[in-house]
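K.L.:
One predicted model, sequence on top.
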Amino acid sequence: MVLVNKIIKEINCKIVYYGSGLSGKTTNIEYIYSNIDPANRGKMFSIKTDTERTLFFDFLPINIGTVKGMKLRVHVYSVAGQVFYDSSRRLILKGCDGIVFVVDAQKERMDANIESFNNLKTNLLMNSVILEKIPLVIQYNKTDLPNAMSVDEMRNIFNPEEKYEEFVACALEGKSVFDTFKTIMRMVIKKIDI
Ligand SMILES: Nc1nc2c(ncn2[C@@H]2O[C@H](COP(=O)(O)OP(=O)(O)O)[C@@H](O)[C@H]2O)c(=O)[nH]1
Ligand SMILES: [Mg+2]
């Protein structure tokens, strides 16, 4: 839910990076953090363990510029991928304005990706949101790896009707990271009605 504060002329919105554990969500957010003007970003905040880099979530606040004369602040979150953090994922999804679904292109991670995509739909429904109502972009990440599936095969699974914009990424090198982020932001901004 985009929050508009007309008194201080500020719009707040929330983007969530969703996907299976180790698909590259934190890597996307870290790349964004490292490559934007420090004047436009707040502190990146992550709760991590030694084994998986994100325990509950990552959080990065960014100032994007102005929209219709109002400052646009974006809160970027990622969720923890492991199955048992379901309630924290649902909490992070609450009030989100746009979703980037990060697919791990490695063949052996397809089941985990599919489970995560279904989990996203379930958790949105539990928050009374239908996936179709919310801007969503799909990112096929880790396409640099030799065991990566072809984009056609992944599209068949996650985007057979080509309803969503897709990006072929290597977040580790920053490939398609900003294209993905700009696209989801463009979709969210389009929906802002003030
Ligand atoms: N080869 C390759 N490794 C990646 C890529 N993106 C992320 N990784 C690595 O995959 C691991 C998990 O990434 P992370 O961002 O922590 O995943 P998260 O659980 O979705 O947040 C890390 O070791 C990253 O360096 C990529 O595009 N290519
Ligand atoms: Mg992470």
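P.N.:
Structure's in. What do you need? Numbering: from 1, shown residues only. Ligands and ions are numbered 1, 2, ... in the order given.
K.L.:
Could you use CA atoms for every contact and neighbour count after this?
P.N.:
Noted.
K.L.:
What segments of this structure are strands?
P.N.:
3-5, 10-19, 45-46, 57-67, 70-79, 98-104, 136-141, 165-168 (DSSP state E).
K.L.:
For the fifth one, what does the pLDDT average out to?
P.N.:
Which is strand 70-79. Averaging pLDDT along strand 70-79 gives 93.
K.L.:
Does the lowest-mean-pLDDT helix or strand in the chain reach ligand 1?
P.N.:
Across the helices and strands of the chain, mean pLDDT, DSSP states H and E gives its lowest value to strand 45-46, namely a mean of 78. No: if you take CA under 6 Å from any ligand atom as the test, strand 45-46 misses ligand 1, and the best it gets is 10.1 Å.
K.L.:
and what of stretch 115-123?
P.N.:
No: using CA under 6 Å from any ligand atom, stretch 115-123 stays clear of ligand 1, with a minimum separation of 11.2 Å.
K.L.:
residues of that stretch that come out buried?
P.N.:
Buried residues in stretch 115-123, defined by neighbour count with 16 or more other CA atoms under 10 Å: 116-117, 119-120, 122-123.
K.L.:
rewinding a little: now tell me which of the strands of the chain the model trusts least on average.
P.N.:
strand 45-46 - the lowest mean pLDDT of the strands of the chain, at a mean of 78.
K.L.:
gap between it and the chain center?
P.N.:
How far strand 45-46 lies from its chain's middle: 15 Å, per CA atoms, centre = their mean, to the nearest Å.
K.L.:
please renumber so the chain begins at 749
P.N.:
All right, first residue 749 from here; so that's strand 793-794.
K.L.:
nearest residue to Gly790 other than its sequence neighbours?
P.N.:
Among residues not flanking Gly790 along the chain, Pro809 sits closest, at 5.2 Å (CA to CA, 6 or more residues apart in numbering).
K.L.:
Just to check, the one you found is in contact with Arg789?
P.N.:
Yes: the pair Pro809 / Arg789 is scored as a contact, 5.9 Å apart, by CA atoms under 8 Å.
K.L.:
And the helix ranked longest in the chain, what does it pack against?
P.N.:
The longest helix of the chain (DSSP state H) is helix 858-874. Counting contacts by 3 or more CA pairs under 8 Å, 6 or more residues apart in numbering; DSSP states H and E, helix 858-874 packs against strand 758-767, helix 834-841, strand 846-852.
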